[in-house]
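> I'll drop the sequence and a predicted model, then ask my questions.
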Amino acid sequence: MRVDIISIFPEYFAPLDVSLMGKARERGILDIHLHQLRDWTHDVHNTVDDTPYGGGPGMVMKPEVWGEAVDAVIEDGRAARGEDALPRLIVPTPSGRPFTQEVALEYADEPWLLFAPARYEGIDSRVVAEYGERLRTDEVSIGDYVLAGGEAAVLVMVEAVGRLLPGVLGNARSVADDSFAPGAMANLLEGPVYTKPPVWRGHEVPEVLLSGHHGRIARWRRDEALRRTLDRRPELVARLDRDGLDKHDRRV
Ligand SMILES: N#Cc1c(-c2ccc3cc[nH]c3c2)n[nH]c1N
């Protein structure tokens, strides 16, 4: 998967050089290209923003600069991927559709993602209108809180998508084990986890996990996942269809 990121703070993405994403890049599973938006300005101050039409607080990012940057990055990517290749354009914004595990799975099937994290009050809305005519273009939000810019959201999305790519997670762990993956634990939060020692500062590991009885262990884990989900995210349990809950579950 090719990932292009255009930002006035490309250094913000240094974390993508380490850990799981760094290894995915070394192995050629992820091909990340960072671009400085100001490279497409033409004034002495490298200006990327201006006052909003209609007044109001803050500044808006200029459409001309973003347009030249996105066009250039598409051309660069096409030189590598073929003249008909097109990226999916992803613009992080508090007003976007929710970025969920389902959206991450959708993006993981894309061969080329182009992220456009903004600063200030956002990017002139004509940029999304312009590219929406040619590319699959999404305005997405990683949660109901307000950040100072889109870069942190891009880090979250690249990691959530990157870990889904074949070969990124080790054999010991698969996306099928994820909290929100289909299957018995679908739409449930992960329950408590433990490792050695069996007793730590007087806290004992639940006996069932030391029993070696796989059936009892699986049931205990589901009970704990259901209990935690009911306590912290009851709306997720409501999403489980009637088949998703068996008669034992209703005892939890
Ligand atoms: N995604 C997302 C965001 C943002 C966000 C995204 C872009 C900009 C540009 C200026 N401020 C921003 C905030 N805040 N909260 C979210 N869930």
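Arrived safely.

> who's in contact with the closest residue in space to residue 12 that isn't next to it in sequence?
Residue nearest to residue 12 in three dimensions, not counting chain neighbours: residue 151, with 4.1 Å by CB to CB, 6 or more residues apart in numbering. The C-beta positions use only the backbone N, C-alpha and C, and glycine is treated the same way. Residue 151 is in contact with 7, 9, 12, 13, 117, counting by CB atoms under 8 Å, 6 or more residues apart in numbering.

> Now that we have those, which of them are buried?
7, 12, 13, 117 (16 or more other CB atoms under 10 Å).

> The third one contacts residue 156, correct?
No. Look at residue 13 against residue 156 with CB atoms under 8 Å: they stay out of range, at 11.8 Å.

> Around the ligand, pick out the residues from the stretch 51-200 of the chain.
92-94, 96, 118-119, 122, 141-143, 145-150, 153 (CB under 6 Å from any ligand atom).

> still on that earlier bit, and the contacts of residue 151, which of them are in helices?
When the contacts of residue 151 are checked against helices (DSSP state H), there are no matches.

> Make TSV out of these and add pLDDT.
Below are these laid out as TSV (pLDDT from 0 to 100):
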residue	pLDDT
7	99
9	98
12	98
13	98
117	99
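
> Filter the residues you listed down to the ones in strands?
residue 7 (DSSP state E).

> Would you check which pair of the contacts of residue 151 lies furthest apart?
13 and 117 (9.5 Å; CB to CB).

> Find residues that contact each of those two.
5, 7, 151, 154.

> I'd like these as CSV, with secondary structure appended.
Supplementary listing: the shared contacts of residue 13 and residue 117 in CSV, determined by DSSP: H, G, I helix; E, B strand; the rest coil:
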residue, secondary structure
5, strand
7, strand
151, helix
154, helix
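
> ok, so of those, who is nearest residue 126?
Using CB to CB, the shared contacts of residue 13 and residue 117 come closest to residue 126 at residue 7, 19.7 Å.

> Now do the contacts for the closest one.
13, 34, 35, 36, 37, 117, 150, 151, 154.

> Specify which member of these is nearest to residue 80.
For the contacts of residue 7, the nearest to residue 80 is residue 35 (14.0 Å; CB to CB).

> elements contacting the host helix or strand of that closest one?
Assigned by DSSP states H and E, residue 35 belongs to strand 31-36. In terms of contacts (3 or more CB pairs under 8 Å, 6 or more residues apart in numbering; DSSP states H and E), strand 31-36 is packed against strand 2-7, helix 19-26, helix 63-81.
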